[in-house]
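> Sequence and predicted structure, then a few things I'm wondering about:
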Amino acid sequence: MILVVGGAGYIGSHAVKCLLDHNQDVVVLDNLSTGHSEAVDKRAIFKKGDIKDANVLTNIFENYPISGVIHFAANCYVGESIMEPLKYYENNVAGTISLLKLMKMHQVTNLIFSSTCAVYGNPDVEKINESTPTVPINPYGHSKLMIEQIIKDFSIAYRLNYIILRYFNVAGADHLERIGEDHHPETHLIPNILFHLLGRSEHITVFGDNYDTVDGTCVRDYIHVTDLINAHILALESLQQGNVKNKIYNVGNEQGYSVKEVIQKCEEVTGKKATILYKEKRKGDPGKLISSSEKVSKELGWKPKYSLEEMIETAWKWFSRFPNGYKKI
Ligand code: UDP
């Protein structure tokens, strides 16, 4: 049985569905601070609680035969992390320490951890690989890098097998339109463009147009949530079978799109025209982040299937069908 912490969130809820579809039994632990109980597949056991609460974790480890943990529970907004760094160090770093302590106590030895390309900061390379220096430029990135180090040290000292996945920009929704993205507030680019194209805002704000990129707007590497979750399934299977372990992998599409290019793609997919408002750069935003995902392809056999267009199409279907997110389901 797999414990998914943060399994009611956007990425976690997609993972839960996929694990269940792969015949894994699942317990979800989520404090619902940003997640939605409606997003949790009914086939999973759901516990509301916080990873910092040792009693909640003890209860789960004592009552269910947990053989591995996938850890998604984190705060993940760059801007918020600059305004409220302690929240990030407490929830992300202290939360993970609490989880690791309890895993040790209950001899649970397999961990998949969600990390981020924010650990690289603002690297001056065309494609980022896992050897690119890690120099975070915001507390969110710092918090994730600290956790990576803690996991590595923990694994050397105790029995822990881990795979750390560094996500690039995740987008899209389940192809069966069962679940999707529902953040409050929504800060991510693709949902904000689609909200605007649905008529929910007067314009799409573009933060910064004088970056050193093709058209001056930030370049990111977007990856479909389903592709990202497939990397987790391969990582988990690898740990379960005793194959590849104690590794860090980038997970991205190896293709960069500027903010303007993403807006244009959204216009093409939806057939609607966007009104753009340019504003100052957002604090803590690097200019360009593009992944090399060669290592995960080679070692876990992972390959992304979906294009930016399909990310936008699936997200558009989800937002058009459930414009108020889970509230109206
Ligand atoms: N962005 C933007 N307008 C928005 C949201 C985001 O211009 O309403 C830009 C943001 O500055 C960044 C890129 O889009 O360069 C991706 O931002 P997002 O928040 O989606 O992901 P991040 O890369 O910060 O994790």
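Perfect, I can see it now. Numbers count the residues shown, from 1 in each chain.

> in the helix or strand containing K260, what counts as buried?
Mapping K260 onto the secondary structure by DSSP states H and E places it in helix 259-270. Across helix 259-270, burial judged by 16 or more other Cβ atoms under 10 Å covers 259-263, 265-266, 269-270. Every C-beta, even on glycine, is put in place using the N, C-alpha and C of the backbone.

> Strand partners (parallel or antiparallel) of whatever helix or strand comes next after that helix?
Downstream of helix 259-270, the first helix or strand assigned by DSSP H and E is strand 276-279. Take DSSP bridges as the rule and strand 276-279 pairs in its sheet with strand 204-207 (parallel).

> Briefly note if the strand it pairs with comes near the ligand.
Yes - with Cβ under 6 Å from any ligand atom as the measure, strand 204-207 is seen reaching the ligand through 205-207.

> Could you check the pLDDT of N169?
N169 is assigned 98 on the pLDDT scale.

> wouldn't it be in contact with V219 here?
No - with contacts counted by Cβ atoms under 8 Å, N169 stays clear of V219, the gap being 10.1 Å.

> Overlap of the contact sets of the two?
Taking Cβ atoms under 8 Å, 6 or more residues apart in numbering as the contact rule, N169 and V219 both touch L289.

> tell me which parts of the protein are close to the ligand?
So the chain meets the ligand at 78, 169, 187-189, 192, 205-207, 218, 220, 259, 282, 285 (Cβ under 6 Å from any ligand atom).

> So what touches the one helix or strand V56 maps to?
If you go by DSSP H and E, V56 is part of helix 54-63. Helix 54-63 is contacted by residues 3, 27, 29, 47, 49-51, 66, 98-99, 101-103, 105-106, 108 when judged by Cβ under 8 Å, 6+ apart.

> Residues in contact with the helix or strand just after it: which ones?
Note on helix 54-63: by DSSP H and E, the next helix or strand toward the C-terminus is strand 68-71. The contact list for strand 68-71 (Cβ under 8 Å, 6+ apart) reads 2-7, 12, 15, 19, 51, 96, 99, 103, 108, 110-114, 232, 236, 239-240.

> Restrict these to the buried ones and give me that as a PyMOL selection.
Entered in PyMOL, the line below selects the buried ones among the contacts of strand 68-71, by 16+ other Cβ under 10 Å:
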select buried, resi 2+3+4+5+6+7+12+15+19+51+96+99+103+108+110+111+112+113+114+232+236+239
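
> In strands, which of the contacts of strand 68-71 fall?
Secondary structure assignment (DSSP state E) places 2-5, 110-114 from the contacts of strand 68-71 within strands.

> Helices along the protein, start to end?
Counting by DSSP state H, one finds helices in the chain at the ranges 10-21, 54-63, 78-83, 85-88, 95-105, 139-157, 189-197, 225-240, 259-270, 294-300, 308-321.

> List the buried residues in the shortest one.
Residues of helix 85-88 classed as buried under the neighbour-count rule (16+ other Cβ under 10 Å) are Y88.

> and that helix, what's its mean pLDDT?
pLDDT averaged over helix 85-88 gives 98.

> cool, and the last one?
Helix 308-321 carries an average pLDDT of 96.

> Just list the residues touching the residue of the chain found nearest the ligand, thanks.
For the chain, the residue closest to the ligand is C218, as judged by Cβ to the nearest ligand atom, at 2.9 Å. With contact taken as Cβ under 8 Å, 6+ apart, C218 is in contact with 207-208, 211, 258-259, 285-288.

> now swap in V125 and tell me
With contacts defined as Cβ under 8 Å, 6+ apart, the neighbours of V125 are T132.

> rewinding a little: got the buried residues of helix 259-270 as CSV, with pLDDT columns?
Shown next, in CSV, are the buried residues of helix 259-270 (pLDDT from 0 to 100):
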residue, pLDDT
V259, 98
K260, 98
E261, 98
V262, 98
I263, 98
K265, 98
C266, 98
V269, 98
T270, 98
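
> How about the contacts made by I229?
Neighbour list for I229: 11, 14-15, 18 [criterion: Cβ under 8 Å, 6+ apart].

> In PyMOL, how would I select the buried members of those?
Only the buried entries of the contacts of I229 go into this PyMOL selection, using 16+ other Cβ under 10 Å:
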select buried, resi 11+14+15+18
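
> So what would you say the end-to-end distance of stretch 284-300 is?
Start-to-end span of stretch 284-300 (Cα to Cα, to the nearest Å) is 32 Å.

> That stretch: which residues count as buried?
284-293, 295-296, 299-300.

> Could you tell me how far that stretch lies from the centre of the chain?
Mean-position distance between stretch 284-300 and its chain equals 14 Å (Cα atoms, centre = their mean, to the nearest Å).

> what do you get for stretch 157-164?
The answer for stretch 157-164 is 20 Å, by Cα atoms, centre = their mean.

> got the contact list for that stretch?
Contacts of stretch 157-164 (Cβ under 8 Å, 6+ apart): 100, 103-104, 107, 109-113, 115, 148, 151-152, 154-155, 235-236, 238-239, 244-249.

> All set now, cheers.
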